[in-house]
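Peer 1: can't give you the sequence, but here's the structure:
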């Protein structure tokens, strides 16, 4: 059983399009995250949700909108995609200490 | 704000030898957690080892061990008997005890030579 699963694994889209990435965790964790990994491999927190409530929004453009319908799901919707949005996006979840990561979604904007 | 620094962009090690990766961090908190994650080419983020700041004993997980120096805010990872499968990016990460996020260092690429 996959602990944190995100779909799709790869996403290629044109500038200006709107796209979504879905994430689900079956670990019973209260906290979920979205991280962005850029081309230099640097990992940066985008959002953190605890029990469906947004608790961290790290100066992410408002074209990015997370949605948490329940504790086990945290989806990421991106409007008006730009070339600079190309990156790997990781969903993760945690309870108290370490985070468990999904396999990542490689987003390529052309 | 907490920061995590990995000063070695890349390290090379001969198979079966030992390599040590450096990590320093900056925090004003007294209670926190430190981690090393491995990211192989598959890009999956895999937890290697965890250290609680309140524990003086250094964590070990099979061939992986850490040297945690709380006063110096240093958290190095030693990989013993390196194997080809150890080749990956390694990230050091920090989480405050009351925090809601992991802060990552910039990563160190480990190359293993046969």
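Peer 2: Arrived safely, thanks for sending. In this text the structure is predicted, and so the values were computed from the model without any measurement.

Peer 1: can you list the residues of chain A near chain B?
Peer 2: A:31, A:33, A:40-45, A:48, A:50, A:55-56, A:88, A:90, A:92, A:94, A:97-101, A:103-104, A:106 (Cβ under 8 Å from any Cβ of the partner chain). To be clear about C-beta, it is placed using only N, CA and C from the backbone, and glycine gets the same treatment.

Peer 1: Can you show me the strands along the chain?
Peer 2: You didn't say which chain, so I picked chain A. Using DSSP state E, the strands of chain A run over residues A:4-7, A:10-13, A:19-25, A:31-37, A:43-50, A:53-57, A:64-70, A:73-78, A:87-94, A:99-101, A:105-109.

Peer 1: hm, I was asking about chain B
Peer 2: Along chain B, counting by DSSP E, strands occupy B:3-5, B:10-14, B:19-21, B:24-26, B:32-39, B:46-52, B:60-61, B:64-69, B:74-79, B:88-96, B:103-104, B:108-113.

Peer 1: Now the closest residue to chain B within chain A: closest residue in space, sequence neighbours ignored.
Peer 2: Shortest chain A-to-chain B distance, computed as Cβ to the nearest Cβ: residue-wise this is residue A:101, at 3.8 Å. If the residues on either side of it in the chain are set aside, residue A:101 comes closest to residue B:45, at 3.8 Å by Cβ to Cβ, 6 or more residues apart in numbering or on different chains.

Peer 1: Can you report phi and psi for that neighbour?
Peer 2: phi -90, psi 120 (degrees, to the nearest 10).

Peer 1: and what of residue A:97?
Peer 2: Main-chain dihedrals, residue A:97, degrees, to the nearest 10: phi -120, psi -100.

Peer 1: Of the strands of chain A, which shows the lowest average pLDDT?
Peer 2: Sorting those by mean pLDDT places strand A:53-57 lowest, at a mean of 87.
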